[in-house]
Each structure stands twice: as structure tokens, then as C-alpha cells.
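In: Dropping a prediction and its sequence here:
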Amino acid sequence: MAKPSRSRAASKDARGLHGAMRLPGLEIEHYNLLVRDPDGEGFLGDRASQTAFRELVDTARRHHRTGKDPFGKMPTADIDKKAIDLVLVGGDADAAHLVHLAVEEYARRLVHVVQVFLAQPEWHGVERILLGGGFPDHATGGLAVRRALRLLQLARVDVKLDQVGHHADEAGLLGWVPLLPAAARRADAFLAVDVGGTNIRCGIVEHRLGKADDGSRARVLERLKWRHADDAPDRAEAVRRMAAMLNGLAAQARTLGLSLAPFVGIACPGRIEVDGGISQGAQNLPGDWERPFHLPDALGALLDDIGGKAPRVVLHNDAVVQALSERQRMRKASRWAVLTIGTGLGNASFSNR
């Protein structure tokens, strides 16, 4: 598996460049690792996505219930995450049984994916793995992660699993702080976006690098979230809605009296090339976002000026950005990685220098 193109992004300090692979003290070794599923048509990581967990719940509902379906006639895909969580803490016993069956099978799948990834050259020597995305934030996902950790221990796999400490709505925004170019650091805050297969999140991020130069004191001051999966927009509509959210946040920053940098960091699935194009892996986004489409140009044309300047739009992979929100916590690991569990399964691996 070839690494994402490096060229300019592999310079000594690539902060502020699309798909930066080298930061001070940190090498982004690889991301968007694709391992073919030997038993299916897709990729192995798809077995451990949030979509895969829903499929396991659906299978349990169809084949393992003893009486009336505890979730009624509602399709599994439409059951709210909180409703699934509630059956684990005092809900219907039959429903809890079905969810536990799905949790156990999902944990085994996640362990298998971890073991296969650890065997790949791109993940050689990884000591710690962060688990991010929306799934581990919920009770059901947290239970599955803890069960996977126990199964890894029983299998004597020498790796430690940690959850990303920030909420899923903020990790993909805060992770832009280590990627900020020098000019953007001179302002109080900047705009960031996290584009996923279900949601688009936008926020004002106050980097607070004057309080902690490692970015650990950064915070999201305001954020907006659009569950685009409910509206099924085309690509043009999704970009327009994203621009409207960002322009609204820029106006909010002025109201707050913040010095806002003319910089927008966008985290999205796929392989990001040095020109800002997406060459692979954006299949879960609304419409076709891969080359020749160029998101930085399309979005930039719709953004209002900030401080009299057109904002510079920079892209990076969403798993990389989520992981960078925890860079300080991973500083003692020479090799570490991340798996982001959402509509798909994102991944990235890193080396501390």
C-alpha cells in the first residue's frame, strides 16, 4: 500500500499545507490504510464501523429474539443511539440481550481489525491506539470498546487502547491546532470543519497557544452541527450549507470581539493530496467529492472575507485531525495510531520524534 503523496507535505514543518505529513516533533506515517476483506467485496475496516454494528443489531433482531421484537417495527438504521443505550441500563431484558449479542460480536470484529492492522508495515511498532468517532462516546460503543480491550488482553496482544478524550463533535475541530500555520496563530481563533458520512460540524476554535504551546488548552467556543444524512443533499447543496454555517460563525466571532484568522481547516474522509484534492476514500460523503472536484476552491468561493482577506481553506484527513487533538496525551509513545469509528472506519499512524 503506497503512502499518501508527500512532496511539499513532507517538508520539515508542513503546518498550513494540505495533507501535511510532518510536524515539529511528529511524523504522520500513514493514514487511510485500506486492507481488502478476504471474505467480502469491501475493506476489512468496514467490519468495525458504526454501520457494521447496526447490521449486527439487525441480525440479532431477526434471528435471536425469543418473542416480540423489543424495538417494534422500527428499522434498525432509524433507532436512536440513546434508545439503544437505554436498554443496557434498565430497559427491556430481551432488547438488552439483543444489544449484548451485537456488542460481543462487534468487539470480536474490532479485535480482528486491530490485529490485522498491527501486522501491516504501516502500523509496525504501534504501542497505543486511540479510538475516536461518535460510536465510543455512547454507552453501547463504550461497552464494546472495553470488551475489545479485554479480548486483546486475553489474546496477549501488546497494545493499549484509549478513547479520544474530547467529544466527537469537537475532536475533529480541536485537532487543527497543531496544524495551524504561523500566521493563523497570531489571531485568537480560527474556523474548523469536520465532515463525516452522517454529520458536518463547524466551529470557532480558540487555540490558546499562549497558555499551552502544545495546544492542550484549546477550546471550541461555538459550534454548529448539521446531520446531512437526514436531508440527503447533493454535493453542491452540502458545500453551500457548509459555507453558510462558516459565515454565520465568522459573524458570531465578530460579535464576541475575537480576532479571527482568515483560515479554515477542514477534516474529511479520504486521501488528501498536496493540492487539496481528494484522491480516494470519500465514498460516504454526499455526492462525488473526489478529483477533479476541489473542495477548497468550491468552498472558498462562497466564504465571506475575514479581516478583509479571503479565508485560506486547508484539508486534511479526518482520522489524522481527530488524533492530533490528543497529541499531548500520546507524547510518550514512540509509535501510536488512531481508529475513528463512524459511518466508516478511519485510521492513521504516527511517530513521535
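Out: Received it, and whenever you're ready, just let me know what you need.
In: drop to CA atoms for contacts and neighbour counts, all remaining ones
Out: Fine.
In: right, and residue 290 touches residue 273 too?
Out: No: between residue 290 and residue 273 there is no contact, the gap being 10.6 Å when judged by CA atoms under 8 Å.
In: Tell me who's in contact with residue 157.
Out: Counting by CA atoms under 8 Å, 6 or more residues apart in numbering, residue 157 makes contact with residue 115.
In: Relative to residue 188, how far out is it?
Out: As judged by CA to CA, to the nearest Å, residue 157 and residue 188 stand 43 Å apart.
In: which residues of the chain score low on pLDDT?
Out: Counting by pLDDT under 70, the chain contains low-confidence residues at 1-12, 91.
In: Select the longest helix from it.
Out: For the chain, the helix that runs over the most residues, judged by DSSP state H, is helix 93-118.
In: after it comes which helix or strand?
Out: With elements assigned by DSSP states H and E, the helix or strand that comes after helix 93-118 is strand 128-132.
In: For burial, what's the neighbour tally of the residue lying closest to residue 172 once chain neighbours are set aside?
Out: Taking CA to CA, 6 or more residues apart in numbering as the measure, residue 172 lies nearest to residue 322, with 4.5 Å between them; neighbours along the chain are not counted. The number of residues packed near residue 322 is 32, by other CA atoms under 10 Å.
In: What residues does residue 322 make contact with?
Out: Under the contact definition (CA under 8 Å, 6+ apart), the residues listed for residue 322 are 132, 164, 171, 172, 173, 174, 175, 340.
In: Helix, strand or coil: sort out it for me.
Out: Per DSSP: H, G, I helix; E, B strand; the rest coil, the local secondary structure of residue 322 is helix.
In: I'd like the distance between it and residue 271.
Out: Spatial separation of residue 322 from residue 271 under the definition CA to CA is 15 Å.
In: and if you look at residue 103?
Out: According to CA to CA, residue 103 stands 30 Å off from residue 271.
In: So these two - more neighbours on which side?
Out: In this view residue 103 and residue 271 are compared by other CA under 10 Å, and residue 271 has more residues nearby, 26 against 23.
In: which ones are touching that one?
Out: Counting by CA under 8 Å, 6+ apart, residue 271 touches 4, 31, 32, 278, 279, 280, 281, 317.
In: Who does residue 202 form a beta bridge with?
Out: For residue 202, the beta-bridge partners are residue 193, residue 224 (DSSP bridges).
In: Residue 195: what's it in contact with?
Out: Each residue near residue 195 by CA under 8 Å, 6+ apart is listed here: 201, 266, 267, 268, 269, 318.
In: what's the most distant pair in these?
Out: Of all pairs drawn from the contacts of residue 195, the greatest distance, 13.5 Å, lies between 201 and 269 (CA to CA).
In: what about these two, which has more around it?
Out: Using other CA under 10 Å as the criterion, residue 201 and residue 269 rank with residue 269 on top: 28 against 24.
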